[in-house]
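Asker: Sequence and computational prediction follow.
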Amino acid sequence: MVLQLKHALRPQQAAEDVARGRFVSGLRSFILNDLAQDMRQAYDQRVAPAFEKAHGRPPESSAEVHKAMRADPAFKVYSACRVRAQSMVWDAVAPVVQRERAKLEAAANDSGAAAAVKLAPDMELPRNVTGLDVHLMPGGYAGDADFPMAAGAVYDQGLAIFSMGLMGQNLDDIGLSMSTYVRNAFPDFKPARILDVGCTIGHNSLPWKQAYPDAEVHAVDVAAPGLLYGATRAKLQGLDVAFHQMNAEALDFPDESFDLVFSSMFLHELSAKTRRAFFREARRLLRPGGLLLNMELPPNSQMGAFEGFYLDWDCYYNEEPFYKGFRDEDPRALCRDGGFADEDYVQFVTPSLGIYGADAIATAAATDPLAVNSETTGRLAEGVNWFGFGAWKR
């Protein structure tokens, strides 16, 4: 279980900091594995039979399962524990970040990373950034103007605890897994310019530079705190990635200037209007032969009703209001509406590189790319797999 980050910007933690993080992460593991299994048993043994008796059929959607589950004790225990554990994640790391302030600010200035970030101080931040404590993180991505790097550092350290070691030693397993899959599935694809949109702190941007060392990699986000922290984080790892403050609806790059446009766990934090604008922007930016690739939560239409309900939980209880709306959409239709052709649609599920290894990804890349394993896909629990979709621009 990797709970302490390995990069050079990681905090110096006292024994009680480490113990607190391990406790919270262990609690989350218990909730997402044991209590989740108890909830599934309650559904199978009590809730689903009662629903079928009342309606003459089993629940057919995640919304029906949610409504039926709300009164069940197993759901109430699971939800109460999970919400509290989520707050405990941020409570565990915020004091450490405040204590490390001088170190963080010195690293940003001394490395030149802070000066290299292309900020847009006059940009009006969207309300989903300024008005939400997304993931219940106090201040959300916008953070504290007095200590701009804090939001990035809290997110970095909090995600290490939150993910229970499943996202790799530097929270880069998604990027590493997706880039490894792409290299196996499309060996002739050699992107020279790569763009990561909604990069947060760039933790999944850096693997693309590692996968394609000769490529020019750019990472964009609307929130400055994550960019300042992420640029410093990248610099201290010796990886050359350019960070820019931009809005996904209007990206300030020329037409046909990238070979790969990537996003990870980004689309579900956008309104439907902004999502559609991003897909149009992605197509505009891609050169012919380029690829749009999104790592995201799998759609409800490709999952069972209970599995969809389980993933949709965050929409209602984790300050992610666009979550279910995204998961109810059709990924192929999103690409089509963005101007991509149906025949150029791409979808796959890749095993986690950190858990299963490169050979498992190579095997997945050689098999049916449209299959979705609904028991493990997109779920932070034992046996995680990552879902990807997008399209080629021909």
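Answerer: Structure received.
Asker: what comes up buried for stretch 112-128?
Answerer: Applying a neighbour-count criterion of 16 or more other C-beta atoms under 10 Å, one finds Ala113, Ala114, Val117, Leu125, Pro126, Asn128 buried in stretch 112-128. For the C-beta atoms, the positions are set from N, CA and C on the backbone; glycine is no exception.
Asker: so the first one makes contact with Lys235?
Answerer: Yes: judged on C-beta atoms under 8 Å, Ala113 makes contact with Lys235 at a distance of 4.3 Å.
Asker: Look at Gly56 and say how many residues are nearby.
Answerer: 7 (other C-beta atoms under 10 Å).
Asker: Quickly note the distance from it to Gly388.
Answerer: 38 Å (C-beta to C-beta, to the nearest Å).
Asker: what does Phe322 give?
Answerer: Taken as C-beta to C-beta, the span from Phe322 to Gly388 is 19 Å.
Asker: Please compare the two by neighbour count and tell me which comes out ahead.
Answerer: Set Phe322 next to Gly388 and count neighbours by other C-beta under 10 Å: Gly388 wins out with 24 against 18.
Asker: Mind listing the residues bridging to the more buried one?
Answerer: Under DSSP bridges, the beta-bridge partners of Gly388 are Met295, Phe348.
Asker: The one 4 residues further on now?
Answerer: Each beta-bridge partner of Trp392 is listed here: Leu291, as defined by DSSP bridges.
Asker: who's in contact with it?
Answerer: Applying C-beta atoms under 8 Å, 6 or more residues apart in numbering to Trp392 gives the contacts Gly289, Gly290, Leu291, Leu292, Phe340, Asp344, Val346.
Asker: Most neighbours among these, which one?
Answerer: Busiest of these [other C-beta under 10 Å] is Leu292, holding 28 neighbours.
Asker: Can you give me every residue that contacts Val96?
Answerer: Going by C-beta under 8 Å, 6+ apart, the list of residues near Val96 reads Pro11, Gln13, Asp17, Gln157.
Asker: Within the helices and strands, which one has the second one?
Answerer: For Gln13, there is no host helix or strand (DSSP states H and E).
Asker: Asp44: neighbour count?
Answerer: Applying other C-beta under 10 Å, I find that Asp44 has 11 neighbouring residues.
Asker: a helix runs through it, doesn't it?
Answerer: Yes: using DSSP: H, G, I helix; E, B strand; the rest coil, the assignment for Asp44 is a helix.
Asker: measure stretch 158-173 end to end?
Answerer: Length of stretch 158-173, first residue to last, C-alpha to C-alpha, to the nearest Å: 16 Å.
Asker: Make residue 1 into 175 and carry on from there
Answerer: In the new count, where the first residue is 175, that last one comes out as stretch 332-347.
Asker: any idea how far Ser199 is from Leu206?
Answerer: Going from Leu206 to Ser199 by C-beta to C-beta gives 11 Å.
Asker: which neighbours do these two share?
Answerer: Met338.
Asker: Longest helix in the chain, please.
Answerer: helix 247-273 (DSSP state H).
Asker: Tell me which helix or strand comes right after that one.
Answerer: Per DSSP H and E, the helix or strand that comes after helix 247-273 is helix 275-285.
Asker: packing partners for that following helix?
Answerer: In terms of contacts (3 or more C-beta pairs under 8 Å, 6 or more residues apart in numbering; DSSP states H and E), helix 275-285 is packed against helix 287-290, helix 324-336, helix 398-410.
Asker: what do you get if the cut-off is 7 Å, keeping everything else the same?
Answerer: For helix 275-285, the packing partners by 3 or more C-beta pairs under 7 Å, 6 or more residues apart in numbering; DSSP states H and E come out as helix 398-410.
Asker: same for the helix it packs on, what does it pack against?
Answerer: For helix 398-410, the packing partners by 3+ C-beta pairs under 7 Å, 6+ apart are helix 275-285, helix 287-290, helix 324-336, strand 415-419.
Asker: so which of these is the most packed in?
Answerer: Greatest average neighbour count among the helices and strands packed on helix 398-410 goes to helix 324-336 (a mean of 25), per mean count of other C-beta atoms under 10 Å.
Asker: quick one on the thing from earlier: among the contacts of Trp566, which one sits closest to Pro399?
Answerer: Leu466 (26.8 Å; C-beta to C-beta).
Asker: so which helix or strand takes in the closest residue in space to that closest one that isn't next to it in sequence?
Answerer: Spatially, and ignoring its direct neighbours in sequence, Leu466 is nearest to Gly564 (4.1 Å; C-beta to C-beta, 6 or more residues apart in numbering). Using DSSP H and E, Gly564 sits in strand 559-566.
Asker: how far is that strand from where the chain is centred?
Answerer: 13 Å (C-alpha atoms, centre = their mean, to the nearest Å).
Asker: what sits against the residue nearest the centre of the chain?
Answerer: Against the mean C-alpha coordinate of the chain, by C-alpha atoms, centre = their mean, the closest residue is Met439 at 2.9 Å. By C-beta atoms under 7 Å, 6 or more residues apart in numbering, the residues touching Met439 are Met469, Glu470.
Asker: for this protein, which spans come out with low pLDDT?
Answerer: 175-177, 547-549, 552, 554-556 (pLDDT under 70).
Asker: domains for it, by residue range?
Answerer: For the chain, automatic domain parsing gives the domain ranges 189-289+321-336, 347-566.
Asker: which ones are touching Val192?
Answerer: Val192 neighbours (C-beta under 7 Å, 6+ apart): Gln178.
Asker: follow-up on the earlier one: just send the buried residues of stretch 286-302 back as TSV, with distance to Leu310 too.
Answerer: Shown next, in TSV, are the buried residues of stretch 286-302 (distance: C-beta to C-beta, whole Å):
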residue	distance to Leu310
Ala287	28
Ala288	28
Val291	27
Leu299	19
Pro300	19
Asn302	15
